[in-house]
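In: just coords:
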């Protein structure tokens with residue numbers, strides 16, 4: 001269950017998980033293929049994959065005896081929307097600051 005962007009941010013907080021996303025951007029991969037890029041056990045990589053799935057950043061499907069992991073870019077939507085609020089907030093604050101400075105100095109565009 002995803003609790004808004006909280007799980008997504010938790011998943012993105014770790015550099016190993018961010019690197020896994022970079023690998024999955026290029027192509028879907030199995031646990032073994034992903035683990036081959038890291039100096040850690042398959043079990044440790046599996047834990048990272050679970051966190052990424054919990055954050056809705058990847059999906060996995062069974063294919064024979066393997067699980068194929070795929071990037072789910074739409075999972076970033078809740079995080080982007082949350083960050084978008086602050087983008088708008090700062091745009092408004094900076095516009096107010098510009099207006100205040102211009103009124104103090106007598107400059108107008």
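Out: Looks like it came in fine. Values in this document were obtained by computation on a predicted structure and should not be read as measured data.
In: distance between the ends of stretch 57-66?
Out: Using C-alpha to C-alpha, to the nearest Å, one end of stretch 57-66 lies 19 Å from the other.
In: Can you give the distance from that stretch to the centre of its chain?
Out: 20 Å (C-alpha atoms, centre = their mean, to the nearest Å).
In: Any chance you could list what contacts that stretch?
Out: 8, 11-12, 17, 20-21, 24, 30-32, 49, 52-53, 67-72, 75-76 (C-beta atoms under 8 Å, 6 or more residues apart in numbering). From N, CA and C alone the C-beta is placed, and that goes for glycine too.
In: Out of these, name the ones that lie in strands.
Out: Judged by DSSP state E, the subset of the contacts of stretch 57-66 located in strands is 30, 67, 68, 69, 70, 71.
In: Just want the angle from the helix or strand that contains residue 61 to strand 66-71.
Out: Here residue 61, judged by DSSP states H and E, is contained in strand 58-63. Strand 58-63 and strand 66-71 are oriented at 150 degrees to each other (axes from the mean of the first three to the mean of the last three C-alpha atoms, to 10 degrees).
In: Okay, now the sheet partners of strand 58-63, with direction.
Out: Sheet pairing of strand 58-63 (DSSP bridges) gives strand 66-71 (antiparallel).
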